[in-house]
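K.L.:
structure for the following, please:
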Amino acid sequence: METLQRTANRGSVSTGGYEIDNSLKFEADNTEYLSKTPSSAGNRRTWTLSVWIKRTELASSASMQILSAGDTYLHFDADKLKANFRSAGENFFFATNRVFRDTSAWYHIVLQCDTTQGTDTNRAKLWVNGESQTADWLNSYSNMSQNYETLMNNDNAHRVGMYLDGSTPVELFNGYMAEMHLVDGTALEPTSFGEFDDDSGIWKPKAYTGSHGTNGFYLDFADSANLGNDASGGLDFTETNITAGDQATDTPTNNFAHWNPSMAYDGNEGRSEITEGGTTLTNSNTGNGSSNGWYGGAGTIPVTSGKWYWEYQPFAGTFGYRGVGIMGADYVTDDIDDIRDYGPNLYLRDGATPKIYQHLQSGTNTVYKTMTSWTSNNSDIFAIALNMDDEEITFYRNGTAITENGTSNTTFSISSVIAQSSPIIFHYQSYANGTGIYFNFGGYTEMSISSAASDANGYGTFEYAPPTGYYALCTKNLAEYG
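P.N.:
This is a model prediction of the structure:
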């Protein structure tokens, strides 16, 4: 884990120091972005962009915009980072060979532009998590001419999370952004915004203390009523299709679990589409031509110890042939047939006769426990309390533990699953096309939360308070209890 954390920040865990409290969730399907147009031009030759991002959807053949100012922009292009400096009929661009596909991680990106430099290779530089990417430029890059004027800090529209093609929003971003700085007039290195932790080697954020210049800005996403607020005091951004509900507590200093788009199972039948910051799964038939097929997904942040809590809510009116629970992380693949046939797992299937199913290696799904039935309600909120220390699991419906049929038993052993594979990761599978589930791991959710309960450490936002001793699955809790 330590090696991975040096190359992709999975949350600064308990390193202390500067904390980032909020991020903003972007969903391309909803055309969510921010925009503003400065009244006059600033410094178009020298500037620095710093931003933390966490991707939750991948698209190897598509682009996802981070920040655009006309045709000067930074985006993911086929999972590579590409900076484009097109202006006045000239087109200069730089792209990395390296791809950025780790959806469990926060990346800190710093793009520096200084076209006043005499050496052409010094006019654009890129860092990710404190490490220079400039030597990794593709061979097809082209250097800007000296004193070339980009469109950044010009009096044209600046857009976060979107690029405008004519009058059409395109290249929309999926995932989270946090702590975005644009510094007008100064070429800065990443050490102005972050540093390596002395103990862990993790690249972590630190407070930026300098000026933002004429058209620079600072987006901290701290004000849910004004998520486009420029905290440096400049002109605010206008939100498009963004509401207070899009504010998240999943940040570079406390990274929450969500679903892994690389593990949205796609066998010969269907695929689970992961949207809304990695928290919503929708079954979409893409394989066998029928209305139904096996779908599923696996998440980020596997665990070997500790007590963990999360919630979920089915789409209104969709019940049955759907299981939510846990599985052995050693058996996670993107093929639902392999998971169902070989991977050890245990899950609750709702419907007219709710049951806990258990599947062990090279066996078949067996009914482990039949649960006391209930009348399904479109507003039902379910929850899972996973006790890795005592190797038990408890399922909840609307804040009450679900019992085994004919008994008062609410806790069920997961020893057999753990014995065949540890660590354990959260898991979902379903058969019915068009069904889906909203999940809430505490950092962001599409579920309507009325009570805003947190765990004992104050982390997560849940409808129901986690049971005593159970915690949201995030890196700060993981460092303490995992």
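K.L.:
for Met64, see how far away the most centrally placed residue in the chain is.
P.N.:
The chain has Thr56 as the residue nearest its centroid, 4.1 Å off, counting by C-alpha atoms, centre = their mean. Distance of Thr56 to Met64, given as C-beta to C-beta, to the nearest Å: 11 Å. From N, CA and C alone the C-beta is placed, and that goes for glycine too.
K.L.:
need the residues touching each of those two.
P.N.:
Counting by C-beta atoms under 8 Å, 6 or more residues apart in numbering, the residues touching both Thr56 and Met64 are Asn174, Gly175.
K.L.:
what distance do you get for Glu19 to Asp136?
P.N.:
31 Å.
K.L.:
actually, His359.
P.N.:
Remark: distance between His359 and Asp136 (C-beta to C-beta) = 43 Å.
K.L.:
buried residues in stretch 106-120, which are they?
P.N.:
Residues of stretch 106-120 classed as buried: Trp106, Tyr107, His108, Ile109, Val110, Leu111, Gln112, Cys113, Asp114, Thr115, Gln117 (neighbour count, 16 or more other C-beta atoms under 10 Å).
K.L.:
what is the burial count for the closest residue to the first one other than its chain neighbours?
P.N.:
So that's Trp106. Distances taken as C-beta to C-beta, 6 or more residues apart in numbering place Pro252 nearest to Trp106, at 4.2 Å, with adjacent residues excluded. Around Pro252 there are 30 other residues, counting by other C-beta atoms under 10 Å.
K.L.:
and if you look at Thr366?
P.N.:
By the measure other C-beta under 10 Å, the count of residues near Thr366 is 11.
K.L.:
and the gap between it and His359?
P.N.:
From Thr366 across to His359, the span is 7 Å (C-beta to C-beta).
K.L.:
flag the shaky bits of the stretch 351-482 of the chain, pLDDT-wise.
P.N.:
Scanning the stretch 351-482 of the chain for pLDDT under 70 picks out 362-364, 432-434.
K.L.:
ok, now the chain?
P.N.:
1-16, 60-61, 138-141, 264-271, 284-293, 317-321, 333-342, 362-364, 432-434.
K.L.:
residue with max distance from the center of it?
P.N.:
Within the chain, the residue lying farthest from the chain centre (C-alpha atoms, centre = their mean) is Gly406, at 41.1 Å.
K.L.:
how about the residue nearest to the centre of the chain, what does it touch?
P.N.:
By C-beta under 8 Å, 6+ apart, the contact list for Thr56 reads Thr103, Asn174, Gly175, Tyr176, His258, Trp259, Pro261, Ile274, Gly277, Gly278.
K.L.:
from those residues, pick the one nearest Phe94.
P.N.:
In terms of C-beta to C-beta, no member of the contacts of Thr56 lies closer to Phe94 than Gly175, at 21.9 Å.
K.L.:
any idea what the closest one is bridged to?
P.N.:
For Gly175, the beta-bridge partners are Phe26, Arg55 (DSSP bridges).
K.L.:
give me the number of residues near it?
P.N.:
Look at Gly175: counted by other C-beta under 10 Å, it has 27 neighbours.
K.L.:
same question for the one 4 residues further on.
P.N.:
The local packing count at Glu179 equals 27, with neighbours defined by other C-beta under 10 Å.
K.L.:
how about it, secondary structure?
P.N.:
strand (DSSP: H, G, I helix; E, B strand; the rest coil).
K.L.:
my guess is it contacts Asp220. True?
P.N.:
Yes. In terms of C-beta atoms under 8 Å, Glu179 counts as a neighbour of Asp220; the distance is 6.4 Å.
K.L.:
between those two, what contacts are shared?
P.N.:
Contacts common to Glu179 and Asp220, judged by C-beta under 8 Å, 6+ apart, are Ile20.
K.L.:
how about Leu219, what does it touch?
P.N.:
Leu219 sits next to Leu24, Leu34, Val160, Met177, Glu179, Met180, His181, Gly228, Asn229, Asp230, Ala231, Phe237 when contact means C-beta under 8 Å, 6+ apart.
K.L.:
rerun at 6 Å
P.N.:
By C-beta atoms under 6 Å, 6 or more residues apart in numbering, the contact set of Leu219 is Met180.
K.L.:
so what pairs up with it in the strands?
P.N.:
Beta bridges link Leu219 to Met180, judged by DSSP bridges.
K.L.:
how close does it sit to His181?
P.N.:
According to C-beta to C-beta, Leu219 and His181 sit 8 Å apart.
K.L.:
quick check: of the contacts of Thr56, which lies closest to Asp29?
P.N.:
Set against Asp29, the nearest of those by C-beta to C-beta is Asn174 (8.3 Å).
K.L.:
surely that closest one is in contact with Glu57?
P.N.:
Yes. With contacts counted by C-beta atoms under 6 Å, Asn174 reaches Glu57, the gap being 3.8 Å.
K.L.:
between these two, which has more neighbouring residues?
P.N.:
Using other C-beta under 10 Å as the criterion, Asn174 and Glu57 rank with Asn174 on top: 26 against 22.
K.L.:
the more buried one and Ala62, how far apart?
P.N.:
Between Asn174 and Ala62 the distance is 10 Å, computed by C-beta to C-beta.
K.L.:
just Asn255 next, same as before
P.N.:
Distance, Asn255 to Ala62, by C-beta to C-beta: 25 Å.
K.L.:
likewise for Ala124?
P.N.:
23 Å.
K.L.:
and these two? which has more neighbours close in?
P.N.:
The residue with more neighbours, out of Ala124 and Ala62, is Ala124; 24 against 16, by other C-beta under 10 Å.
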